[in-house]
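Peer 1: Just a sequence and a predicted model for now, questions to come.
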Amino acid sequence: MPTLKPLRLLAGAMVCAAAAAHADPLSYARYDQVRTADLHLDLKADFSHKTLTGYAELTLNWIDKSARALVLDTRDLSIAKVQVLNADGTWAPASYLLDKLDPARGQALRIALPGNGGQPNGQPNKVRIYYHTAPTATALQWMSPQQTMSGKRPFMFSQSEEINARSWAPVQDTPAVRFTYSARIDAPAGLRVVMSAENDQKATGAGGWKFTMPQPIPSYLLAIAIGEIDVRNLGPRTAVYAEPARIEAAAYEMADTEKMVSAAEALYGPYRWGRYDMIVLPPSFPIGGMENPRLTFVTPTMIAGDRSLVDLIAHELAHSWSGNLVTNASWKHFWLNEGFTTYVTTRVVEKLYGAEVADINLQVEQEEAMASLPEIAPAKQALITRDADVDPATYTDGGLVYPKGAWFLRTLEQRAGRDVFDPFLRGWFDQHAFQSATTDEFLVYLHKNLLDAHPDIMSDAEVNEWVYGAGIPAAAKHVASPRLAAIDIARTAWLKGELPTKDLDPKNWIALEWMHFLNDIDGKATAAQMKDLDAAYALGKSGNDEIAYRFFLSSIKAGYNVRGPLEKFLLSVGRQKFVVPLYTALLKTPDDRAWAKAVYATARPHYHPETQASVDKQFAKK
Ligand code: BES
Ligand code: ZN
């Protein structure tokens with residue numbers, strides 16, 4: 001939560017939209033005609049070719065009895081054959097067509113429904129698509145043994161959100177459709193396979209790794225990881241998976257997870273997904289965390305050694321209610337996933353670590369949101385664009401909806417009081433459980449369950465300002481933590497040279513206080529001051545990457561040489577949120593640029609393809 005810029009993978013994607021108004025413009029699926037009820041994947045992982053090969057079997061619910069085709073989303077899939085199930089249980093070949101590639105959406109796979117095979121209207125209950133993925137599949141990263149901790153075995157992981165599931169399975173790749181799934185995965189001996197499903201800790205993989213996901217999920221929550229992976233139980237329904245060399249540190253860092261699940265349940269009702277496990281991925285995992293159900297994926301950079309970044313776990317856990325249980329109906333309604341989750345996160349943090357820490361957390365989040373506004377076009381500062389547009393290029397800023405959505409809910413909470421607001425929010429999750437929702441549906445719910453009875457809480461005009469307006473409404477309350485106010489005073493005096501570095505006295509600062517201190521020296525501190533800070537507190541060696549990252553960024557801007565520790569950081573951290581701004585800052589002077597180029601030459605193979613693409617883009621500029 002502290003920094004609010006996870007990469008929005010589709011940002012800026014241009015789509016020439018021919019899609020109907022009911023549809024998700026990022027999917028070709030006609031889910032008004034047919035919906036996937038269940039998916040079975042039978043795949044073999046081949047590390048030497050970097051492919052998954054096998055078939056996907058979709059169980060279908062036909063809604064439109066006159067529909068004569070099934071349209072699925074794909075990207076870079078090689079289709080070998082398609083079969084449909086006859087009424088007598090035999091499989092019949094079906095003809096199909098792959099559209100030409102659309103850069104934003106991929107390729108529609110259009111399957112014709114043959115004859116009637118004894119099926120009502122010729123619409124089969126099941127189809128099978130035999131296929132293999134491309135080594136360049138956008139969702140998958142295939143890593144050589146050298147890119148792992150042990151250096152002995154290869155590793156592979158997926159990142160499907162927002163629309164990359166289609167690069168490893170032909171599906172209706174829209175969050176408007178939910179299905180249960182199962183899988184059988186073959187992998188080389190000695191490697192473990194885990195998925196966003198029931199993982200059997202005792203499984204050996206003999207006869208294939210088997211998974212079932214009994215709760216219906218949208219496609220972007222399909223996830224898989226394969227590698228040399230150990231598991232350590234943390235509590236009765238929580239465990240952590242990681243590479244063997246990291247499992248100990250991971251178990252220590254995540255010790256509070258079971259308590260977090262209980263805290264979230266006390267606020268928003270039973271956890272509905274069985275177990276809450278996590279997997280710590282290799283450093284090239286391009287984001288902080290991903291809320292894959294039953295198995296959150298996290299960056300190893302969250303292992304700070306002192307549990308100072310566990311709000312990331314609180315965030316991914318919160319998605320078990322906001323996002324995974326109640327899902328944005330299309331990516332235009334992204335704030336329903338991330339804004340709600342950001343709000344819930346702070347509530348969980350408060351339960352575990354107290355109101356003082358939660359307030360510090362919230363203030364840093366609010367201040368970073370305010371600071372980000374000048375860089376975001378006003379039209380992109382809304383929670384959602386009002387027009388019935390179908391062009392994803394007009395979607396709102398993917399970073400701002402986190403704190404702004406949370407701030408909107410916080411404002412309602414503060415005015416309504418928790419006695420009223422908490423049951424209201426819990427009701428939203430309960431009444432829309434395992435469904436996809438739109439902003440309009442939330443606004444109807446808001447009026448019916450809160451504002452109609454308490455119109456003084458918020459006027460329609462103010463609701464509209466939050467949802468459709470730019471910036472943060474003037475009426476919004478800003479958190480003012482006394483601990484952060486004291487740091488502001490110290491920072492000002494220090495920047496003026498009136499307070500010696502050693503008298504900053506940060507012994508008792510938590511990581512968020514350091515982040516708050518560093519956020520406001522950026523572009524203001526001199527090289528000499530950065531040097532002092534470095535000598536006194538060795539921030540470049542901080543185990544907390546949020547701190548080290550901010551220290552590096554300010555150092556580069558101040559012209560203070562941090563190349564030793566920075567090189568180590570760039571070679572060991574692959575998270576886009578850190579890596580891209582650091583290279584961007586380095587490219588501003590010729591000397592730094594030359595140095596950055598050399599470092600990047602070594603670091604690049606260790607980054608995720610998405611991260612490589614973003615950094616490449618920076619180097620390509622002027
Ligand atoms: N669901 C997001 C990650 C995501 C968003 C992936 C959009 C692809 C497209 C996840 O829950 C998230 O928000 N992760 C944050 C961490 C969080 C603590 C703010 C991240 O990765 O930085
Ligand atoms: Zn999130």
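Peer 2: Happy to help now that I have it. Ligands and ions are numbered 1, 2, ... in the order given.
Peer 1: list the contacts for the closest residue in space to Met195 that isn't next to it in sequence?
Peer 2: Excluding the flanking residues, the one nearest Met195 by CB to CB, 6 or more residues apart in numbering is Phe211, at 4.6 Å. C-beta: built from backbone N, CA, C; applies to glycine. By CB atoms under 8 Å, 6 or more residues apart in numbering, the contact set of Phe211 is 181-185, 195, 197-199.
Peer 1: Please apply the same query to Asp387.
Peer 2: Listed by CB under 8 Å, 6+ apart, the contact set of Asp387 reads Thr394.
Peer 1: sorry, back to before: the residue nearest to Met195 falls within a strand, correct?
Peer 2: Yes - assessed by DSSP: H, G, I helix; E, B strand; the rest coil, Phe211 belongs to a strand.
Peer 1: could I get the contacts of Phe211 as TSV with pLDDT?
Peer 2: Formatted as TSV, these follow (pLDDT from 0 to 100):
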residue	pLDDT
Tyr181	98
Ser182	98
Ala183	98
Arg184	98
Ile185	98
Met195	98
Ala197	98
Glu198	97
Asn199	96
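Peer 1: List just the nearest of those to Tyr395.
Peer 2: Using CB to CB, the shortest approach to Tyr395 within these belongs to Tyr181, at 27.5 Å.
Peer 1: pretty sure the closest one contacts Thr36?
Peer 2: No - at 9.2 Å, Tyr181 does not count as touching Thr36 under the criterion of CB atoms under 8 Å.
Peer 1: which residues touch the one residue sitting closest to the centre of the chain?
Peer 2: Nearest residue to the geometric centre of the chain (CA atoms, centre = their mean): Met290, 4.2 Å. Contact analysis of Met290 by CB under 8 Å, 6+ apart lists 159, 161, 223, 296-298, 316.
Peer 1: now swap in Met458 and tell me
Peer 2: Taking CB under 8 Å, 6+ apart as the test, what Met458 contacts is 411-412, 415, 451.
Peer 1: Kindly recompute the last result at 6 Å.
Peer 2: Not one residue lies near Met458 by CB atoms under 6 Å, 6 or more residues apart in numbering.
Peer 1: Check Phe155 too.
Peer 2: 143, 148, 227, 282.
Peer 1: which non-adjacent residue is nearest the residue of the chain positioned farthest from its centre?
Peer 2: The C-alpha centroid of the chain is most remote from Gly118, which lies 43.7 Å away (CA atoms, centre = their mean). In this structure, Gly118 finds its nearest non-sequential neighbour in Ala87, 3.1 Å apart by CB to CB, 6+ apart.
Peer 1: Measure how buried that neighbour is and give me the count.
Peer 2: 12 (other CB atoms under 10 Å).
Peer 1: Buried residues, stretch 213-231. List them.
Peer 2: Judged by neighbour count (16 or more other CB atoms under 10 Å), stretch 213-231 contains these buried residues: 213, 215-231.
Peer 1: Contact residues of the stretch 201-350 of the chain facing ligand 1?
Peer 2: Contacts of the stretch 201-350 of the chain with ligand 1, taken as CB under 6 Å from any ligand atom, map to 287-291, 312, 315-316, 319, 338.
Peer 1: Next step: these restricted to helices.
Peer 2: 312, 315-316, 338 (DSSP state H).
Peer 1: Scan those residues and report the most crowded one.
Peer 2: In these, the most neighbours by other CB under 10 Å go to Glu338, 27 neighbours.
Peer 1: the strands in the stretch 351-500 of the chain, which residues?
Peer 2: Counting by DSSP state E, counting those that start in this stretch, the stretch 351-500 of the chain has strands at residues 435-437.
Peer 1: As a check, name the ranges of all helices in it.
Peer 2: Assigned by DSSP state H, counting those that start in this stretch, the helices in the stretch 351-500 of the chain fall at 355-372, 401-416, 418-431, 439-446, 460-468, 482-495.
Peer 1: Identify whichever of these lies nearest to Asn328.
Peer 2: helix 439-446 (8.7 Å).
Peer 1: quick one: the closest one to helix 418-431, angle?
Peer 2: If you take axes from the mean of the first three to the mean of the last three CA atoms, to 10 degrees, helix 439-446 sits at 130 degrees to helix 418-431.
Peer 1: Now do helix 439-446 against helix 460-468, angle only.
Peer 2: Going by the same axes, to 10 degrees, helix 439-446 makes 150 degrees with helix 460-468.
Peer 1: what is the mean pLDDT for helix 439-446?
Peer 2: What helix 439-446 shows for mean pLDDT is 98.
Peer 1: now do stretch 331-338
Peer 2: pLDDT averaged over stretch 331-338 gives 97.
Peer 1: so where do the helices sit in the stretch 101-250 of the chain?
Peer 2: Counting by DSSP H, counting those that start in this stretch, the helices of the stretch 101-250 of the chain are 244-253.
Peer 1: Residue of it nearest ligand 1, please.
Peer 2: Glu161 (3.8 Å; CB to the nearest ligand atom).
Peer 1: and Asp99, how many neighbours?
Peer 2: 14.
Peer 1: residue contacts, the residue in the stretch 101-250 of the chain that ligand 2 sits nearest to?
Peer 2: At 9.0 Å from ligand 2, Glu161 is the closest residue in the stretch 101-250 of the chain, using CB to the ion. By CB under 6 Å, 6+ apart, the contact list for Glu161 reads Tyr220.
Peer 1: How much space separates it from Ile217?
Peer 2: Distance of Glu161 to Ile217, computed by CB to CB, to the nearest Å: 12 Å.
Peer 1: Quick check: the residue in the stretch 401-550 of the chain that ligand 2 sits nearest to vs ligand 1, distance?
Peer 2: Here the stretch 401-550 of the chain gets closest to ligand 2 at one residue, Tyr402, 7.3 Å apart by CB to the ion. Using CB to the nearest ligand atom, to the nearest Å, one gets 6 Å for the distance from Tyr402 to ligand 1.
Peer 1: Check whether that residue really touches Thr342, as I assumed.
Peer 2: Yes - counting by CB atoms under 6 Å, Tyr402 touches Thr342, with 4.5 Å between them.
Peer 1: hang on, the earlier thing: could you say which helix or strand holds the residue nearest to Gly118?
Peer 2: Secondary structure from DSSP states H and E places Ala87 outside every helix and strand.
Peer 1: For it, give its distance to ligand 2.
Peer 2: Distance, Ala87 to ligand 2, by CB to the ion, to the nearest Å: 44 Å.
Peer 1: my guess is that residue contacts Gln119, does it?
Peer 2: Yes - counting by CB under 6 Å, Ala87 touches Gln119, with 5.4 Å between them.
Peer 1: Give me every residue in the stretch 501-622 of the chain lying close to ligand 1.
Peer 2: Lys577.
Peer 1: just the helices in the stretch 501-622 of the chain please.
Peer 2: 511-519, 527-537, 545-558, 563-572, 576-586, 590-603, 609-620.
Peer 1: what's the second one in contact with?
Peer 2: With CB under 6 Å, 6+ apart as the test, helix 527-537 has contacts from 501-502, 555, 558-560.
Peer 1: swap in the last one?
Peer 2: Applying CB under 6 Å, 6+ apart, the external contacts of helix 609-620 come out as 286, 574, 576, 579-580, 583-584, 587, 604.
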